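1. how would this look folded up:
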Amino acid sequence: MTPIAFLLLAVGVTVVAFAIQRVADVLHRKQLVALAQGWQLQFSPQDQFHLIRHVAGQLPAVGPANVRIVDIIYGLEDASHRYFLTAEYTTGVLRSKKRRRQVCTFRESRSPGGEFSALVLADPLQSLINQYRELYDRTR
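-> The predicted structure follows:
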């Protein structure tokens with residue numbers, strides 16, 4: 001195989017992998033939007049509420065690194081705001097690092113200075129969509 005053919009093959013495989021990942025991301029986001037609409041809640045793909053400050057300290061890992069909050073489903077529940085979200089974080093040090101994704105939920109009171117409830121975590125062995133459903137069912 002010539003170097004040019006190998007380069008074209010490598011670029012082609014990369015483009016196909018990127019396209020597949022992009023389609024999977026769009027389908028996942030559509031499922032989350034449908035869940036939010038079915039529950040009469042709102043959806044945000046990013047952490048526009050700066051919830052990371054509350055979530056990072058309550059994750060089930062010692063010193064989680066590179067914490068990121070995505071795919072937030074939110075709305076009003078009684079006298080508070082309810083949030084369902086995906087927390088992405090890295091655990092471990094040096095060679096044993098592992099990236100984790102887990103859905104969690106909590107409430108924030110609507111009163112001034114809003115107090116946060118404890119973080120409730122879904123079963124991490126389920127798919128992300130099923131984790132959202134599990135937590136929604138547990139909060140009802």
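
2. CA only for contacts and neighbour counts going forward, please
-> Noted.

3. I'd assumed Gln40 was in a helix, is it?
-> No. Under DSSP: H, G, I helix; E, B strand; the rest coil, Gln40 sits outside any helix and is assigned coil.

4. By mean pLDDT, flag the weakest helix or strand of the protein.
-> Of all the helices and strands that make up the chain, helix 52-55 has the lowest average by mean pLDDT, DSSP states H and E, namely a mean of 90.

5. Against which helices or strands is that one packed?
-> Using 3 or more CA pairs under 8 Å, 6 or more residues apart in numbering; DSSP states H and E, the elements in contact with helix 52-55 are strand 65-77.

6. list the buried ones in the strand it packs on?
-> Of all the residues in strand 65-77, those buried under the rule 16 or more other CA atoms under 10 Å are Ala65, Val67, Arg68, Ile69, Val70, Asp71, Ile72, Ile73, Tyr74, Gly75, Leu76.

7. Now do the contacts for the first one.
-> So that's Ala65. Tyr89, Thr90, Thr91 (CA atoms under 8 Å, 6 or more residues apart in numbering).

8. what packs against the helix or strand hosting the first one?
-> In other words, Tyr89. Assigned by DSSP states H and E, Tyr89 belongs to strand 80-91. In terms of contacts (3+ CA pairs under 8 Å, 6+ apart), strand 80-91 is packed against strand 65-77, strand 98-109, helix 128-139.
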